[in-house]
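> got a predicted structure here, sequence first:
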Amino acid sequence: MKIVGQKTRRVDGLALAKGKPVFADDIPKKDFLYLKILHSPIAHGRIKSIDKSKAMAVNGIAAILTHEDFPIHYFTSAGQGYPEPSPRDTRIFDDTVRFVGDRVAVVAGESLEAVEKSVELIRVDYEELPAIFDVRESIDNKTIIHPGKDGFSFLHDAKRNISANIDEELGNVEAGLKESSHVFEGTYFTPYAQQASIEPHITLTWLDENDRLVIRTATQVPYHVRRIVGEVLNLPVGKIRVIKPRIGGGFGGKQEILNEEVCAAVTMATGKPCRLEYTREEEFYAARSRHPQYVTYKIGLMDDLSINAIDMEILQNSGGYGPHSLTVMSVTASKTLALYRSPNIRIRANSVYTNLPPAGAYRGYGAPQGFFALESLMDEISEELQVDPILLRKKNYYVEGEEVPIAKVLGEGRDGFPVILNTNGIEACIDRGRELIDWDILRKSEKTGIFRRGVGLATVAQASGIAGVDMGSVFMKMNEDGSFNLNVGATDLGTGSDTALAQIAAEVLDVSVDKIIVLSSDTDTTPFDTGAYASSTTYISGAAVKKVAEDILRQILEQGKLILGVNEAKIADNSVIADNGKSITYQDICTKSFYTDHQKQIQATASKISYDSPPPYNATFADVTVDTETGFVKVNKIVSITDSGQIINPQMSEGQAEGAIPQSLGMALSEFMIFDEKGRAINKNFEDYHIYTSIDMPEIVAEFVYTNEPTGPFGAKAVAEIPINGPAPAVANAIYNACGVRIRKLPITPEAVLTEFQKITDEG
Amino acid sequence: MWYSIKSIIKPDTLAEAYSLQQGERTTLFSGGSYLVAENNKSIQTLIDINGVISDKVTVNKKNVNIDAGATLQSFIDSVKHTKPNCRLLDGAKNSCPSKNIRNQRTFGGEVGQNRPNSEILVFLHAVDAALTVFTNSEKTISIRKWDGKGIVTKITYYPKQIDSIELQRYSVLPSAPAIVIVGGTRRSGQLEFAIGGTANNIQTFVVRIDDETNNSIANIAQKAISQFIPDHFGSLNYKESLIATAVKRVVDAL
């Protein structure tokens, strides 16, 4: 291959590097109204009255909208396939608030200054209700967070505060555990964590010259935005155009219709263009985050170390609303239970409401929580049984040709589709990583002194899109200079997917990447795509691009033969070459087709829906030093080796790993959202919420092993999410190797390490 | 947006700046990096003192003089080859990891903000830096005794008087604010400590080197913890043990 598998300049790279106006907010904003949300200051309550008279009196205020201005209609803010598997428990504005930060009103005015002043002058009289902050106290609590009204749907059990539930069993787990020689159990906790995109949520809306609603927004799901805004505002989708420009990061946080419907509502109410942007602080308490989970595994092993039963329980915190609650939990189970073979598997899971901010999608989508638990427990088992942790894992992986039964049971809120592994490079990932981290030396090195060094491993899986749900489609046409317009519904959220898709098209057409002009994510001009989530773009949309490019190539050949007047010809060097030696270039074929010979536009469309979702695999190794006098942990090095099938663009794929690793290290050691006794977020800025920055980074080695997935475009599997699953459990396992401290709760704070270390010292 | 700001005034003299500073809802600024981040809506008037303070860094045999208007980055550039200043240099980098912001943030602002988790400030307390402060007139005062009033125009310290300096900093990540910072110096037969971090203020302790030194050092953490608060990164018990460890390590290094 000439282009696939090669580094290439990003198709949007120059514009980004030159600071061109490519982002949502980079347009002239003449006559725009600026919008601000009034957020609830209480965690749970009913709105008795709202007095907006003083707020409206502020000079320049155009509108203030509250629940009184909208009919009762429940929807989900989750940008997912339709019908959405998330509970429809959300109104654009409600008369009940369910977390500190819930939306109470929107104020629109001619300047941000006026709007900020006005927001402070709205007087709301609340009847405060008891609030639930501990997820373990929510089920069957006297306080019901969503008492249930007409219009609710997909909500599992409102009276018990359960937004979603999973109860599935394959085989017989109780019997499987009984017949096992060894049974191990552990419960692990992961907290709320922030996606921390550089660009906050921002939406601009206006009416075009035909009075159609235009929504320019930083989203991962333009078509879901169009559908949900249409539903909430009772507008036909044909009256709405959604444009996704460049995005400053999404990581799942923008797989949400967070404020688009509010901004659009004000435009519809006033006829004026509107702009609504969240501040960083609002991102922390009023946007979305990673679902906190308690995950319990009970694993039974036979004497030969084969796993005989896995019993899994999840208690997940949805927060005040339930977007993604079922599906995140489902991914926690389906991805972790797809790694190790077990004849008996059970999953019992509840996602429950609390009066904390609603969680949502975040890279990995439940898998990081699950793999922290599973890979920690696998390490604990190997320690307990005194077996090599790599040997234990290798003994139990599903191998090529095997069916992964859990995939059939857990789809996106419905039954899934069978997965038979065509490729599994996990052992190659381990072997390469083991070498690069100096596993055999560091693992057994002396563990004495104040500063102790250790290594840990985690092996993980993900998926390539959602089988039977995700669909990508493309339109392509040829131009007379031999360039091609590639209009894709796929959404590049900063990942470089536009470039990867251009590479796939260029490879098929045997042209350079700069001949492919990519236009993506505009619901008026690009065809349908479910959006950028679930690691689907390369695998699903990439397959659609390959298909359309092959069709274009076929048309070029046919048209070339017609123009040349021959029956047999081939394509080479951007030309159609006949057996008799006559030839015609791509440019001439297109020009003649436009103006003189056998006139037609060479163009094609293609869609791709896949019932396969081959798992990418990854082995992550961590090298850490623990200061046993203070409990501080320094990560020295992370080695991340991934099997993503054929890599389309190595540079961008390495970038995916290099971006995912700090997010997971933050999850391991420094990031968690905390709330006071009233449910108010405490750490709402980057001074108090600690993400890994460039100066905090350890040495990173990110490599790929090659497999050739037959169902993927040029053999590709997904790469976007998989590298985030491994670092946190690898660090936890490395800490154990360094100093014997096992922490089952993230983040691993210095105090937790020191306390546990002192216990070990005291005991022994 | 910062709608509360009504005016920005550029005084011609320090006296004028000081007089303006006495007004309500006013604040001084030079670089403005803290100011912008805080976005304090109770402030209506900004006093831009760049025209009345200098921005030079002078290193000579006896002392290091840092004008209040010198940015952290200009300080780093000025002293990076001067050995006794290494810890302060690191402090300037750690207190503000972004070079772009270091090009804005001034030494005077750092001192004026008086943030206990500023590594620079802990260092300056440890070396007992002298501040030149303008109230109605200019006076020189130990940083340890400054009450926060007036306009800092110059910071001076004397590396030659110090036998050795050590600073220990503990934060969850290098870029995160420190939980505990302990700075220490050895000079004239005594050990001097400055302790900051997520605390109410920076505390200093002076211990004579004699038979009681070990006991005195052992009590420092116990005394210092009174100014700390528990948070999600540590209980008071933990922080006390962290201070004790940090002090021990500083002493070992001195």
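Yep, that arrived. In this text, all values refer to a predicted model and were calculated from it rather than measured experimentally.
> spell out the secondary structure type for residue B:131.
Secondary structure, DSSP: H, G, I helix; E, B strand; the rest coil: residue B:131 is strand.
> just the helices in the stretch 51-200 of chain A please.
Applying DSSP state H, counting those that start in this stretch to the stretch 51-200 of chain A gives helices spanning A:53-56, A:112-121, A:173-179.
> closest one to chain B among those helices?
Nearest to chain B among the helices of the stretch 51-200 of chain A is helix A:112-121 (3.4 Å), distances taken as C-beta to the nearest C-beta. In short, each C-beta sits where N, CA and C put it, glycine included.
> which ones are touching the residue of the stretch 401-550 of chain A found nearest chain B?
Residue of the stretch 401-550 of chain A nearest chain B, by C-beta to the nearest C-beta: residue A:450 (9.5 Å). By C-beta atoms under 8 Å, 6 or more residues apart in numbering or on different chains, the contact set of residue A:450 is A:627-629.
> okay, it and residue A:544: tell me how far apart.
Per C-beta to C-beta, to the nearest Å, residue A:450 is found 57 Å from residue A:544.
> make TSV out of the contacts of residue A:450 and add pLDDT and secondary structure.
Output for the contacts of residue A:450, formatted as TSV (pLDDT from 0 to 100; DSSP: H, G, I helix; E, B strand; the rest coil):
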residue	pLDDT	secondary structure
A:627	98	strand
A:628	97	coil
A:629	97	coil
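> highest neighbour count among these?
residue A:628 (23 neighbours; other C-beta atoms under 10 Å in any protein chain shown).
> quick one: contacts for that one?
Residue A:628 sits next to A:449-452, A:739, A:754, A:757 when contact means C-beta under 8 Å, 6+ apart.
> which of these sit farthest apart?
Greatest spacing in the contacts of residue A:628, by C-beta to C-beta: A:449 and A:754 (15.6 Å).
> more neighbours: which of those two?
residue A:754 (23 against 8).
> okay, and the beta partners of the residue nearest to residue A:167 when sequence neighbours are not counted?
Spatial nearest neighbour of residue A:167, excluding adjacent residues (C-beta to C-beta, 6 or more residues apart in numbering or on different chains): residue A:348 at 5.5 Å. With DSSP bridges as the criterion, residue A:348 is bridged to residue A:167, residue A:313.
> burial count for residue A:126?
Around residue A:126 there are 18 other residues, counting by other C-beta under 10 Å.
> what does residue A:28 give?
7.
> show me where chain B has strands.
Remark: strands assigned in chain B by DSSP state E are B:7-9, B:26-29, B:45-48, B:57-59, B:64-67, B:130-134, B:138-142, B:151-157, B:164-170, B:180-187, B:190-197, B:203-208.
> can you get me a residue count around residue B:231?
With other C-beta under 10 Å as criterion, residue B:231 counts 15.
> also residue A:485?
By other C-beta under 10 Å, the residues close to residue A:485 number 15.
> check residue B:254 too.
Residue B:254: 17 neighbours (other C-beta under 10 Å).
> for it, which non-adjacent residue is spatially closest?
residue B:186 (4.4 Å).
> excluding covalently adjacent residues, which one is nearest to residue A:97?
residue A:40 (3.7 Å).
> OK, contacts around the residue of the stretch 201-350 of chain A found nearest chain B?
Of all residues in the stretch 201-350 of chain A, residue A:279 sits closest to chain B, at 9.4 Å by C-beta to the nearest C-beta. Neighbouring residues of residue A:279 by C-beta under 8 Å, 6+ apart: residue A:200.
> likewise residue A:379?
Taking C-beta under 8 Å, 6+ apart, we find residue A:379 in contact with A:389, A:456-457, A:729, A:732-733, A:736.
> so which of the residues you listed sit within helices?
A:389, A:729, A:732-733, A:736 (DSSP state H).
> can you pull the phi and psi angles for residue A:435?
When read as degrees, to the nearest 10, the backbone of residue A:435 gives phi -70, psi -40.
> which helix or strand contains residue A:4?
For residue A:4, there is no host helix or strand (DSSP states H and E).
> which pLDDT value belongs to it?
Residue A:4 carries a pLDDT value of 96.
> neighbours of residue 5, how many?
I'll assume chain A. Burial of residue A:5, expressed as a neighbour count using other C-beta under 10 Å, amounts to 17.
> wait, I meant chain B there
15.
> I'd say it and residue B:46 touch.
Yes - using C-beta atoms under 8 Å, residue B:5 is in contact with residue B:46, at 6.3 Å.
> assumed residue A:381 was part of a helix.
Yes - membership of residue A:381 in a helix is supported by three-state DSSP.
> and it, what does it touch?
Contact analysis of residue A:381 by C-beta under 8 Å, 6+ apart lists A:182, A:184, A:299, A:301, A:392.
> got those as CSV, with pLDDT, distance to residue A:123 and neighbour count columns?
Below are these laid out as CSV (pLDDT from 0 to 100; distance: C-beta to C-beta, whole Å; neighbours: other C-beta atoms under 10 Å in any protein chain shown):
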residue, pLDDT, distance to residue A:123, neighbour count
A:182, 98, 63, 14
A:184, 98, 57, 16
A:299, 98, 56, 25
A:301, 98, 63, 22
A:392, 97, 62, 20
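> which of these are close to chain B?
The subset of the contacts of residue A:381 lying close to chain B, counting by C-beta under 8 Å from any C-beta of the partner chain, is empty.
> among the contacts of residue A:628, which lie within strands?
Counting by DSSP E, those place A:451-452 in strands.
> care to break chain B down by domain?
Per the record, chain B has its domains at B:7-48, B:57-160, B:163-253, by automatic domain parsing.
> could you export the ones you listed as TSV, including distance to residue A:267?
Formatted as TSV, the domains of chain B follow (distance: least, C-beta to C-beta, whole Å):
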stretch	distance to residue A:267
domain B:7-48	28
domain B:57-160	36
domain B:163-253	40
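> in CSV, list these along with mean pLDDT.
Converted to CSV, these look like this (pLDDT from 0 to 100):
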stretch, mean pLDDT
domain B:7-48, 86
domain B:57-160, 85
domain B:163-253, 91
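> the closest residue in space to residue A:353 that isn't next to it in sequence and chain B: what is the separation?
Leaving aside its sequence neighbours, residue A:353 sits nearest to residue A:145 (C-beta to C-beta, 6+ apart; 4.0 Å). Residue A:145 is 25 Å from chain B, where distance means C-beta to the nearest C-beta, to the nearest Å.
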